[in-house]
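Engineer: Here is the input, now give the coordinates:
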Amino acid sequence: MGLVVQKYGGSSVADAEGVKRVAQRIVATRKDGHDVVVVVSAMGDSTDELIDLAQQVSPLPPGRELDMLLTAGERISMALLAMAIANLGFEARSFTGSQAGVITDSVHGKARIIDVTPGRIRTALEAGAVAIVAGFQGVSQDTKDITTLGRGGSDTTAVALAASLGAQVCEVYTDVDGVFTADPRIVRSARRIPQISYEEMLEMAASGAKVLHLRCVEYARRYGMAIHVRSSFSTLPGTYVTDLDEEEAADMEQPIIAGVAHDRSEAKITVVGVPDKVGEAATIFQALADAQINLDMIVQNVSSATTRRTDISFTLPTEAGGRALAALDRVQAAVGYRSLQYDDQIGKVSLVGAGMRTHPGVSARFFTALADAGVNVELISTSEIRISVVVRGSDVDDAVAAVHSAFGLDSADVEAVVYGGSGR
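Structural biologist: So this is what the prediction gives:
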């Protein structure tokens with residue numbers, strides 16, 4: 001039998017009972033004849049608690065030391081899980097990210113994986129042991145310092161290890177039974193999606209669906225690694241994230257819409273009164289790029305005929321709002337804009353589906369559903385298989401439910417169960 005990489009999130013190992021339940025599932029996979037590599041997150045909300053603790057000590061903790069602190073959570077999980085597996089009569093060896101050969105760049109807090117050299121993992125597997133790896137962390141290629149990969153980093157660790165080890169599949173265990181047509185915490189009638197393409201999952205993840213992290217899906221698509229999203233609290237079949245081959249695609253009717261995603265973690269900045277001259281937008285966005293700020297939706301209004309000025313609005317992560325405003329302040333004299341408006345009480349709602357390419361009328365139905373629900377749209381952005389809008393944060397739940405129903409995604413049976421996790 002082949003190698004299986006399994007990743008367990010914080011809600012799956014939130015307490016001692018959860019750790020023992022996960023150990024039993026790992027041992028069952030081992031008894032089926034598979035070699036098993038496990039990537040584990042920190043227990044429950046312990047990463048958030050460590051961040052809170054650091055901020056109580058220092059409002060701006062050094063990145064190197066914050067990474068050193070945060071990696072402690074995964075080390076606790078991996079050691080406890082190895083103990084639980086040993087208690088069931090199987091050998092398990094735990095490894096930090098650096099011991100597992102996860103090599104990253106030097107950007108603390110959001111490092112990117114450069115290479116994976118899993119020599120010690122292979123040695124453990126050859127000895128018949130279960131290898132347990134601390135997710136979310138690695139070691140800098142240049143400085144040899146411990147680094148963290150940012151939110152969702154354990155998912156990325158698991159896929160990277162699976163690709164480097166040639167695993168059959170990367171199983172991502174979470175607190176829901178797979179990928180659903182909407183967040184089960186908002187839409188109880190959401191349906192489980194048995195199989196979804198990398199392309200659609202990338203759009204869902206980028207639009208706020210938290211079941212898989214965007215970087216994880218990007219990595220999986222690059223290396224053709226199938227991801228199996230399942231719940232560690234049940235034995236239901238979950239969701240496969242992969243690409244259909246041509247024969248499968250011919251046999252299956254591609255659904256128009258894969259799902260509805262939402263995101264409350266963004267803010268909107270409007271640069272008011274920008275002179276309508278060549279190069280002004282470039283100056284604005286270069287200042288934001290220099291501040292290492294990722295932007296999402298960008299809209300520029302038509303300039304006024306009388307003032308020859310226009311407004312430029314864009315969305316960005318809320319945590320980057322302060323840095324963005326400071327960066328824009330520094331170029332006000334050069335650009336000559338009139339003022340800045342900042343709004344963090346917004347939410348993004350996105351409709352995703354590969355079937356949009358060949359089915360007219362999707363946009364009309366989408367905006368009609370929002371209008372019927374009394375939801376006002378502030379910004380609009382589209383791709384080939386996605387429509388995203390910015391609405392008031394208080395309208396997000398209503399918007400998601402309305403669009404979900406309008407496209408016939410509701411299930412007659414309640415199958416969207418959230419087994420654990422605080423959603424913090």
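
Engineer: how about the helices in the stretch 251-400 of the chain?
Structural biologist: Residue ranges of the helices in the stretch 251-400 of the chain, as given by DSSP state H, counting those that start in this stretch, are 280-290, 321-330, 332-335, 362-372, 396-406.

Engineer: can you put those in a markdown table and add mean pLDDT?
Structural biologist: Formatted as a markdown table, those follow (pLDDT from 0 to 100):
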| stretch | mean pLDDT |
| --- | --- |
| helix 280-290 | 95 |
| helix 321-330 | 96 |
| helix 332-335 | 94 |
| helix 362-372 | 95 |
| helix 396-406 | 96 |
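
Engineer: and these, which is most packed in?
Structural biologist: Greatest average neighbour count among the helices of the stretch 251-400 of the chain goes to helix 396-406 (a mean of 22), per mean count of other C-beta atoms under 10 Å. Bear in mind the C-beta positions are built from the backbone N, C-alpha and C, glycine included.

Engineer: how distant is that helix from the center of its chain?
Structural biologist: In terms of C-alpha atoms, centre = their mean, to the nearest Å, the centre of helix 396-406 is set 21 Å apart from its chain centre.

Engineer: In CSV, could you pull the C-alpha coordinates for that helix?
Structural biologist: The C-alpha atoms that make up helix 396-406 are tabulated as CSV, following Å, rounded to 0.1, in the frame of the first residue of the first chain:
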residue,chain,number,x,y,z
VAL,A,396,-22.9,39.3,4.7
ASP,A,397,-25.0,36.5,6.2
ASP,A,398,-28.2,37.6,4.4
ALA,A,399,-26.3,38.0,1.1
VAL,A,400,-24.7,34.5,1.3
ALA,A,401,-28.0,32.8,2.1
ALA,A,402,-29.9,34.7,-0.6
VAL,A,403,-27.4,33.8,-3.3
HIS,A,404,-27.1,30.2,-2.2
SER,A,405,-30.8,29.8,-2.5
ALA,A,406,-31.1,31.6,-5.8
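
Engineer: ok, and what's touching it?
Structural biologist: 181-183, 186-187, 189-190, 260, 262, 264, 347, 349, 351, 365-366, 368-370, 372-375, 389, 391, 410 (C-beta atoms under 8 Å, 6 or more residues apart in numbering).

Engineer: Next: stretch 325-332.
Structural biologist: With C-beta under 8 Å, 6+ apart, stretch 325-332 has contacts from I269, V271, T283, I284, A287, L288, D290, A291, I293, L340, Y342.

Engineer: what's the nearest residue to D263 once chain neighbours are set aside in contact with, if anything?
Structural biologist: Closest residue in space to D263, ignoring its immediate chain neighbours: G208 at 2.8 Å, by C-beta to C-beta, 6 or more residues apart in numbering. Residues in contact with G208, defined by C-beta under 8 Å, 6+ apart, are A261, H262, D263, R264, S265, K348, S350.

Engineer: Relative to K268, how far out is G208?
Structural biologist: According to C-beta to C-beta, to the nearest Å, G208 stands 15 Å off from K268.

Engineer: Could you do V390 as well?
Structural biologist: 6 Å.

Engineer: tell me, what's touching these two both at once?
Structural biologist: T315, I346, E378, L379.

Engineer: I'd like to know how many residues surround the first one.
Structural biologist: Read it as T315. Using other C-beta atoms under 10 Å, T315 has 23 other residues around it.

Engineer: so where's the stretch 151-300 of the chain shaky on pLDDT?
Structural biologist: 244-255 (pLDDT under 70).

Engineer: If we use 80, what do you get?
Structural biologist: The stretch 151-300 of the chain contains residues with pLDDT under 80 at 151, 244-255.

Engineer: where exactly do the strands run in it?
Structural biologist: Secondary structure of the stretch 151-300 of the chain (DSSP state E, counting those that start in this stretch): strands at 169-174, 195-196, 227-231, 239-241, 259-263, 266-275, 298-300.

Engineer: Ok, which of those strands comes nearest V107?
Structural biologist: strand 266-275 (21.4 Å; C-beta to C-beta).

Engineer: Pull up the gap between the closest residue to Y240 other than its chain neighbours and F407, please.
Structural biologist: Distances taken as C-beta to C-beta, 6+ apart put Q195 closest to Y240, at 4.7 Å, once the chain neighbours are dropped. Here Q195 is placed at a distance of 18 Å from F407 (C-beta to C-beta).

Engineer: If you count surrounding residues, which of those two has more?
Structural biologist: The residue with more neighbours, out of Q195 and F407, is F407; 20 against 15, by other C-beta under 10 Å.

Engineer: List the contacts of the more buried one.
Structural biologist: Neighbouring residues of F407 by C-beta under 8 Å, 6+ apart: I256, I257, V260, L351, R365, F366, A369.

Engineer: for S411, same thing?
Structural biologist: The contact partners of S411, by C-beta under 8 Å, 6+ apart, come to S189, A190, R191.

Engineer: Let me have the shared contacts of V390 and K268 in CSV, extended by pLDDT and distance to G166.
Structural biologist: Shown next, in CSV, are these (pLDDT from 0 to 100; distance: C-beta to C-beta, whole Å):
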residue, pLDDT, distance to G166
T315, 96, 39
I346, 96, 44
E378, 93, 47
L379, 93, 44
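
Engineer: which of those residues has the most neighbours?
Structural biologist: T315 leads those on contacts (other C-beta under 10 Å) with 23 neighbours.

Engineer: Stretch 158-175: end-to-end distance?
Structural biologist: Stretch 158-175 has an end-to-end distance of 17 Å (criterion: C-alpha to C-alpha, to the nearest Å).

Engineer: Mind jotting down where the strands sit in the stretch 301-424 of the chain?
Structural biologist: Under DSSP E, counting those that start in this stretch, the stretch 301-424 of the chain gives strands at 309-317, 339-343, 346-352, 379-383, 386-392.

Engineer: What pairs with the last one, parallel or antiparallel?
Structural biologist: For strand 386-392, the paired strands and their directions (DSSP bridges) are strand 346-352 (antiparallel), strand 379-383 (antiparallel).

Engineer: Highest mean neighbour count out of the ones you listed?
Structural biologist: Per stretch, and counting mean count of other C-beta under 10 Å, the top mean among the strands paired with strand 386-392 goes to strand 346-352, which has a mean of 25.

Engineer: quick check: angle from that strand to helix 396-406?
Structural biologist: 20 degrees (axes from the mean of the first three to the mean of the last three C-alpha atoms, to 10 degrees).

Engineer: Work out which residue lies at the spatial centre of the protein.
Structural biologist: Geometric centre of the chain, nearest residue: H213, 2.3 Å, by C-alpha atoms, centre = their mean.

Engineer: re earlier: and the contacts of S411, which is closest to I114?
Structural biologist: When the contacts of S411 are compared against I114 (criterion: C-beta to C-beta), the nearest one is A190, at 37.2 Å.
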